[in-house]
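**Q** need a structure here:
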Amino acid sequence: MSELPENIEDTINQLRIRIRRIGGFNPDALQEYEEVKQRHTNLSEQIEDLESASQQLKQIITELDKLMMKEFKNTFEAVAIEFTSMFKRLFNGGNGKLELEEDEDLNSTGVEINVQLPGRRKQGLASLSGGERALTACALVFALLRVSPTPFAVLDEVDAMLDESNVGRFRSILREISTNTQFILITHNRHTVEVADTVFGISMGSDSTSQVISLRPDEV
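**A** Below is the predicted model of the structure:
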């Protein structure tokens, strides 16, 4: 019978310590490992799908930005042309221009309105009278509606500060654009009322209650 090594006891003690450090044996460890591995694989695939979708969305956003900038520039140029035309008609001359503050950065650019009234020098909106600013605003609104008509538009006392000759030109253009856009006008100007298809008035009765009166001028 062979003799045991002299340090066998120390070796056994060290092995016992290592076994205690390792802990008890888990018979389900292999199954748990497979489950965790499968979950890790699924999550990794989901992450890859999300990253792929993120890249696709970024590409779509970039393409949409380019498309919107192109459409914005085309629309702006069309509106600028119509604005100049409308301005000249409303003011019976002069010149009005829409200009971009930053041609190279359409995402953050502003729009400047520069006008030159008949017989006067070029000036900004701040130096115009209330009636002149109102007529300039009408030129811009009409230009927008000519380029991109909407089903209806509401104009609230836009003619309040216009004189009779300006009202005549205002309602002439209003009549033209009304073929594509229905206007709801709030006005006290009798010349503007003359071009309305239907007139609604508010009056106070003897009992101090408001009454609505409707009228179709073409039936009178």
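
**Q** distance of residue 202 from residue 120?
**A** Using CB to CB, to the nearest Å, residue 202 is found at 40 Å from residue 120. C-betas here are computed from N, CA, C, even on glycine.

**Q** and stretch 189-206, what's its mean pLDDT?
**A** Averaging pLDDT along stretch 189-206 gives 82.

**Q** how long is it from one end to the other?
**A** 25 Å (CA to CA, to the nearest Å).

**Q** ok, now stretch 85-102?
**A** End to end - CA to CA - stretch 85-102 spans 23 Å.

**Q** ok, and what's touching it?
**A** 76, 79-80, 83-84, 106, 108-120, 135-136, 138-140, 142-143, 146, 165-166, 169-170, 173 (CB atoms under 8 Å, 6 or more residues apart in numbering).

**Q** run the last query once more with 6 Å
**A** 80, 83-84, 109-112, 114-118, 135, 139, 142-143, 169 (CB atoms under 6 Å, 6 or more residues apart in numbering).

**Q** Got a quick PyMOL command for the buried subset of those residues?
**A** To isolate the buried subset of these in PyMOL, counting by 16 or more other CB atoms under 10 Å, use the following:
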select buried, resi 80+83+84+115+116+117+135+139+142+143+169
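
**Q** among the contacts of stretch 85-102, which are in helices?
**A** 80, 83, 84, 135, 139, 142, 143, 169 (DSSP state H).

**Q** will you turn these into JSON lines that also has distance to residue 18 and pLDDT?
**A** Shown next, in JSON lines, are the ones in helices among the contacts of stretch 85-102 (distance: CB to CB, whole Å; pLDDT from 0 to 100):
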{"residue": "80", "distance to residue 18": "84", "pLDDT": "93"}
{"residue": "83", "distance to residue 18": "88", "pLDDT": "93"}
{"residue": "84", "distance to residue 18": "91", "pLDDT": "93"}
{"residue": "135", "distance to residue 18": "95", "pLDDT": "88"}
{"residue": "139", "distance to residue 18": "91", "pLDDT": "92"}
{"residue": "142", "distance to residue 18": "91", "pLDDT": "92"}
{"residue": "143", "distance to residue 18": "87", "pLDDT": "94"}
{"residue": "169", "distance to residue 18": "101", "pLDDT": "88"}
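
**Q** where along this protein do the helices fall?
**A** Using DSSP H, helices in the chain cover 8-22, 29-91, 130-147, 164-177, 190-193.

**Q** Among these, show the one with the smallest mean pLDDT.
**A** helix 8-22 (a mean of 80).

**Q** Could you export that one as PDB, CA atoms only?
**A** Output of helix 8-22 as PDB, limited to C-alpha atoms (Å, rounded to 0.1, in the frame of the first residue of the first chain):
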ATOM      1  CA  ILE A   8      -2.400  15.700   1.900                       C
ATOM      2  CA  GLU A   9      -4.200  17.200   4.800                       C
ATOM      3  CA  ASP A  10      -3.300  20.800   3.800                       C
ATOM      4  CA  THR A  11      -4.400  20.000   0.200                       C
ATOM      5  CA  ILE A  12      -7.800  18.600   1.500                       C
ATOM      6  CA  ASN A  13      -8.300  21.700   3.600                       C
ATOM      7  CA  GLN A  14      -7.600  24.000   0.700                       C
ATOM      8  CA  LEU A  15     -10.000  22.000  -1.500                       C
ATOM      9  CA  ARG A  16     -12.700  22.200   1.200                       C
ATOM     10  CA  ILE A  17     -12.200  26.000   1.400                       C
ATOM     11  CA  ARG A  18     -12.500  26.400  -2.400                       C
ATOM     12  CA  ILE A  19     -15.700  24.200  -2.400                       C
ATOM     13  CA  ARG A  20     -17.200  26.400   0.300                       C
ATOM     14  CA  ARG A  21     -16.400  29.500  -1.700                       C
ATOM     15  CA  ILE A  22     -17.900  28.000  -4.800                       C
END
